[in-house]
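In: Take this sequence and fold it.
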Amino acid sequence: MSQNFHSGQYQKHKVSKSQTELDYEYFLPSCINQSYQWQDQSIDLLLEEASRELGELNAFFEFVPDANQFIHMYAVKEAVSSSQIEGTQTNVEEAVSPKDEISLEKRDDWQEVKNYIEALNLSIAKLEKLPISARLIKEAHYTLLQGVRGESKLPGEFRKSQNWIGGSNLQDASFVPPHQDQMTSLIKDFEDFIHNDQLALPHLIKAAILHYQFETIHPFLDGNGRIGRLIITLYLIDKEIITRPCLYLSDFFERNRNRYYDSLSLVRTRSDLDQWLKFFLQGLIETTQNSKSIVTKILALKLNIEERIASLGSRAKTAEQILAIFFSQPVLDYEDIVKELGVTHPTANKYLSDFMRLGIIDEVTLQRKNRLYRFTDYIRLFDS
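Out: Modelled structure (predicted):
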């Protein structure tokens with residue numbers, strides 16, 4: 001990066017508490033709404049490759065018939081991975097299962113993943129009327145924290161007190177974000193950077209810088225990591241780099257968690273933005289390649305199953321409708337089939353029996369009143 005780039009500086013702060021004074025330092029990041037230059041040519045090569053891969057991924061989803069059937073699972077994969085970075089234990093299969101199939105000790109984790117999916121989908125829908133802004137980000141945060149462990153930490157509101165990362169207090173924390181009094185100016189700069197089209201900066205570079213800055217500002221009392229990663233997807237969709245939430249970059253961050261945190265930290269401590277840009281672009285390339293690979297595997301699976309369904313003769317057309325439902329929601333209650341197709345219980349039972357006989361689904365009912373069916377081969381593509 002240009003030698004003119006400076007990530008910020010530490011500021012001393014003193015707070016009085018119980019007739020004692022507490023001294024600590026917080027990090028005040030520099031404004032990001034500025035021009036950027038880099039001399040490391042590998043960034044240009046990575047940028048070119050990432051752009052090409054993302055273009056191909058978009059083409060996959062533009063020309064694949066009924067591609068929207070599969071998009072939900074990509075959002076589930078992103079939600080699961082992003083939440084796992086924060087310590088949740090829910091996997092993809094659990095995330096698509098009904099709540100009463102989840103053990104009591106894991107239901108909080110399950111709900112956090114569900115909230116992330118809802119926050120992502122609602123935010124994407126709102127992009128049609130709202131720009132990416134503090135308002136949109138706060139609305140996503142409100143959804144994220146409903147009914148979960150962070151619901152008492154000002155959902156939908158920027159923090160009004162100092163927070164910290166790691167350690168038990170401000171003095172032994174591994175990182176202390178900027179003081180709450182700095183929030184207004186930092187968020188304004190963040191928004192200005194998003195919408196500054198005069199910078200002539202590639203959108204993938206802007207997405208990387210936005211994520212770094214958001215994580216550094218840490219504007220909420222809880223949920224900053226998940227919202228910061230959600231912003232990446234929103235920005236790429238808003239700028240039409242991707243047309244659907246078909247990218248689960250959090251999977252790369254989760255599998256490289258130490259490098260992820262170290263790369264963000266190195267920007268703050270050494271003003272080394274180049275290494276973060278390279279890590280981010282490498283993540284985009286790898287994730288996009290994985291996303292394309294899964295589309296290919298889905299299409300092969302779909303073709304294989306359609307060949308098996310053809311053996312049902314005149315009933316094959318309805319069976320294909322049921323298959324489409326399973327692609328959208330791979331764990332279904334017996335009653336779901338009845339409602340979705342508007343058929344009788346005996347008819348639904350006959351088709352589900354056919355699907356099990358053909359090896360398409362498994363019955364996973366435990367202590368439920370209504371039977372539950374799982375599209376196992378499909379789930380495994382995302383839960384590996």
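In: What separation is there between S7 and D181?
Out: Distance from S7 to D181, counting by C-beta to C-beta, to the nearest Å: 20 Å. C-betas here are computed from N, CA, C, even on glycine.
In: Please identify which of those two sits among more neighbours.
Out: S7 (21 against 10; other C-beta atoms under 10 Å).
In: Quick one: mean pLDDT for the helix ranked longest in the chain?
Out: When the chain is parsed with DSSP state H, its longest helix is helix 273-309. Averaging pLDDT along helix 273-309 yields 96.
In: same deal with stretch 58-68?
Out: Stretch 58-68 shows a mean pLDDT of 85 in the predicted model.
In: buried sites along that stretch?
Out: 58, 60-61, 64, 67 (16 or more other C-beta atoms under 10 Å).
In: So which of the residues you listed belong to helices?
Out: Using DSSP H, those in helices are 58, 60-61.
In: any chance of these in a markdown table, plus distance to Q282?
Out: Converted to a markdown table, these look like this (distance: C-beta to C-beta, whole Å):
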| residue | distance to Q282 |
| --- | --- |
| N58 | 20 |
| F60 | 21 |
| F61 | 22 |
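In: now, which of those residues sits nearest H211?
Out: N58 (20.8 Å; C-beta to C-beta).
In: pretty sure that closest one contacts I242?
Out: Yes. At 6.1 Å, N58 counts as touching I242 under the criterion of C-beta atoms under 8 Å.
In: What ranges in the stretch 1-150 of the chain fall below the confidence cut-off?
Out: 1-3, 16-21 (pLDDT under 70).
In: could you show me where the helices are in it, in order?
Out: 41-63, 68-85, 92-95, 107-126, 134-144 (DSSP state H, counting those that start in this stretch).
In: again, but for the stretch 151-300 of the chain
Out: 183-195, 203-217, 224-238, 249-255, 257-270, 273-309.
In: Which of the ones you listed sits closest to R374?
Out: helix 273-309 (14.3 Å).
In: Name the residues of whatever helix or strand comes next after that closest one that are buried.
Out: Using DSSP states H and E, the helix or strand that follows helix 273-309 in sequence is helix 316-328. In terms of neighbour count (16+ other C-beta under 10 Å), helix 316-328 has its buried residues at 318-319, 322-323, 325-327.
In: Average pLDDT for the helix or strand containing I337, rounded please.
Out: Using DSSP H and E, I337 sits within helix 334-341. Helix 334-341 carries an average pLDDT of 86.
In: domains in the protein, as residue ranges please.
Out: Domain assignment of the chain by automatic domain parsing yields the ranges 8-294, 313-382.
In: Assess the claim that D192 and N33 are in contact.
Out: Yes. Using C-beta under 8 Å, D192 is in contact with N33, at 4.5 Å.
In: Tell me which of the two has more neighbours.
Out: The residue with more neighbours, out of D192 and N33, is N33; 16 against 12, by other C-beta under 10 Å.
In: got a list of what that one touches?
Out: Neighbouring residues of N33 by C-beta atoms under 8 Å, 6 or more residues apart in numbering: 189, 192-193, 196, 199.
In: try 6 Å this time
Out: 189, 192-193, 196 (C-beta atoms under 6 Å, 6 or more residues apart in numbering).
In: repeat for N349
Out: Contacts of N349 (C-beta under 6 Å, 6+ apart): none.
In: For it, which three-state class applies?
Out: Secondary structure assignment for N349 (DSSP: H, G, I helix; E, B strand; the rest coil): helix.
In: rewinding a little: closest to E286 out of the helices of the stretch 1-150 of the chain?
Out: Among the helices of the stretch 1-150 of the chain, helix 41-63 sits nearest to E286 (C-beta to C-beta), with 9.0 Å.
In: Who are the packing partners of that closest one?
Out: Under the contact definition 3 or more C-beta pairs under 6 Å, 6 or more residues apart in numbering; DSSP states H and E, helix 41-63 sits against helix 273-309.
In: What is the helix it packs on packed up against?
Out: Using 3+ C-beta pairs under 6 Å, 6+ apart: helix 273-309 touches helix 41-63, helix 203-217, helix 249-255, helix 257-270, helix 376-382.
In: List the buried residues in the longest one.
Out: So that's helix 41-63. 43, 46-47, 49-51, 53-54, 57-58, 60-61.
In: ok, now stretch 255-270?
Out: 256, 260-261, 263-268.
In: Give me the residues contacting it.
Out: In contact with stretch 255-270 (C-beta under 6 Å, 6+ apart) are residues 7, 27, 212, 215, 253, 272-273, 275-276, 279.
In: ok, 10 Å please
Out: Here stretch 255-270 makes contact (C-beta atoms under 10 Å, 6 or more residues apart in numbering) with 1, 5, 7-10, 27, 29, 81, 84-85, 165-166, 174-175, 208-209, 211-213, 215-216, 225, 228, 250, 252-254, 272-280, 282-283, 286.
In: Show the buried residues in the residues you listed.
Out: 1, 5, 7-8, 27, 29, 81, 84-85, 175, 208-209, 211-213, 215-216, 225, 228, 250, 252-254, 272-280, 282-283, 286.
In: quick one on the thing from earlier: between helix 316-328 and the longest helix of the chain, find me the angle.
Out: 160 degrees (axes from the mean of the first three to the mean of the last three C-alpha atoms, to 10 degrees).
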